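Asker: Okay, here's the prediction I keep looking at, along with the sequence it came from:
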Amino acid sequence: MSEPNNEPVVSQTGDGPAPPWAMLAELTHGCPLHCPYCSNPVGLIPRSRELETADWVRVFEEAAALGVIHAHLSGGEPLLRPDLREITEAAARNGVYTQLVTSGVGLDADRLAELVGAGLHSVQLSVQDSTAAASDLIAGTRSFAAKERAAALVREAGLPLGLNVVLHRRNLDSIEGIVELAATWGAERVELANTQFYGWALRNRRALLPTREQLARAKESVERLRERVEGVELIWVVPDYFDGVPKPCMGGWGAISLTVGPDGSVLPCPAAYDLPLEFPNVRDHSLEWIWRRSTAFEAYRGTEWMSGPCSGCPRREVDFGGCRCQAFALTGDASRTDPACGLSPDHHLITELVESAGDGELVYRRPERRGGLQLRR
Amino acid sequence: MTAPEELGATAQATDWRPRLGSGIILRHDAVRHADLLVMPERIVLLEGGAVAVLRLCDGERTVAEIVERLRADFPGAPVADDVTEFLDRVRTEGWVR
């Protein structure tokens, strides 16, 4: 009997890049929550520029033909799309595995039944903290009760439920409570995702960055909880500002997955909106052309583009030079080594940021108000 | 995580009728010419006889019936021990129940 291989081998089939395994479908940037850690771009794509139902149906046909196995139906809040059933159906009909990534706001029994009927496979629910008061405070709106109801409905429907909790200075000390909540709600998995600083979250970096002591305590808690809590898989998404080790972003640029934005622009990574590249659009090109031929996907594929410490580094095929979006955000040059790397000549930028962090005001994401509404904790 | 020896005892018991875990899909991938087990956040590339065993995990057949069927389909292969051990392992992963 052969081994099931848990690490999909990305094999070359003929010329060009291996096919993508996963697609993040950002169906809308609209969202009922106002999280200060939001990693979507500061300039959101307005509802009026969103793709039509027929566009998404075609995108899923093309994605399946290209080799996409997993689709994350995300946003913003994907439930804001009245045609979510048709979109889910198009994915499922083409054999693509679908996970709804939702705040839970708007997921009632009828809506879930409609999506399950359309072939939805699983749900990932965001929670902001372990209690209603703390979760609602970060979300900037009352939403915890809706999340709790949504979790119960998903479990009643027999779908696998995962929770996603973005971690930062205000909730890192609540890890135990968060994991207990996940167990109570019947989640199979909790993604404990330390904040990634992109888009809106950059505005709140100082107030969201944790202390080293907080992080160390949280890591210990996770280890203890892994021993103690059965049936809940804990995924710890490392904070790359602290260890001098860059994250292998997206498993390499244009290597494993792609993101389709609300307006049809296609990016190798959901944080790439601000990069000085021209991102191709599904309204103009096939997904296959975009994946295999477009300049944007070729830009940082492989290791040829590397310079500085990366090009000669034995880890260049392990972490791919870290994150292009972070290199750009911090240095203005997307082809430099990610400053999160201890070997980067720009690493001092990261250490200075970590040292300057402190308790401060959070700027909530309220797109209807210019500059955001500032609330004190 | 339960100890493997305990699981071994269970898989050999003939009343277990394995089936895929909820939200777990077995599918062929025509692009990569591969058989995959697909679940939230994970894709498992199946090699060798794994797919033949998992296809029979329909919640109806017992382990003994699965072994019997595979013996008929693959004469001469050391099916009994391998299949039992494989099913224990994939149950530990939570992929069959």
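Answerer: Alright, I've got the coordinates. What you see is a predicted model; the values in this text were computed from it and never measured.

Asker: Leaving out the residues flanking it, which one is nearest to A:G358?
Answerer: A:R206 (6.4 Å; C-beta to C-beta, 6 or more residues apart in numbering or on different chains). All C-beta spots, glycine's among them, are computed from the backbone N, C-alpha and C.

Asker: What parts of chain B come near chain A?
Answerer: B:21-23, B:25, B:27, B:29, B:31-32, B:36-50, B:53, B:82-83, B:85-86, B:89-90, B:93-95 (C-beta under 8 Å from any C-beta of the partner chain).

Asker: What's the PyMOL line that selects buried ones from these?
Answerer: Selecting only the buried entries of those in PyMOL, with 16 or more other C-beta atoms under 10 Å in any protein chain shown as the criterion:
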select buried, chain B and resi 21+22+23+27+29+31+32+36+37+38+39+40+41+43+44+45+46+49+50+53+82+83+86+89+90+93+95
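
Asker: got a list of what the residue nearest to A:G358 touches?
Answerer: A:353, A:356-358, A:360 (C-beta atoms under 8 Å, 6 or more residues apart in numbering or on different chains).

Asker: Please check those and keep the buried ones.
Answerer: A:353, A:357.

Asker: what's the lowest-pLDDT member of the contacts of A:R206?
Answerer: Lowest pLDDT among those: A:G360, with 87.

Asker: tell me, how many neighbours does the closest residue to A:G308 other than its chain neighbours end up with?
Answerer: Take A:G308 and drop its neighbours on the chain: the residue closest to it by C-beta to C-beta, 6+ apart is A:T337, 5.1 Å away. Close neighbours of A:T337, defined as other C-beta atoms under 10 Å in any protein chain shown, add up to 26.

Asker: swap in the one 3 residues further on?
Answerer: Using other C-beta under 10 Å, the number of residues around A:A340 comes to 26.

Asker: next one: B:H28
Answerer: The local packing of B:H28 (other C-beta under 10 Å) involves 13 other residues.

Asker: Provide the backbone phi and psi angles at the residue lying closest to it once chain neighbours are set aside.
Answerer: Distances taken as C-beta to C-beta, 6+ apart place B:D35 nearest to B:H28, at 5.6 Å, with adjacent residues excluded. B:D35 adopts backbone torsions of phi -100, psi 130, taken as degrees, to the nearest 10.

Asker: before we move on, what about A:I87?
Answerer: Main-chain dihedrals, A:I87, degrees, to the nearest 10: phi -70, psi -40.

Asker: hang on, A:R58 packs against A:V282?
Answerer: Yes. A:R58 is within contact range of A:V282, at 7.5 Å (criterion: C-beta atoms under 8 Å).

Asker: so how far is stretch A:115-124 off the chain centroid?
Answerer: 19 Å (C-alpha atoms, centre = their mean, to the nearest Å).

Asker: Can it be said to contact chain B?
Answerer: Yes. Against chain B, stretch A:115-124 shows contacts by C-beta under 8 Å from any C-beta at A:121-122, A:124.
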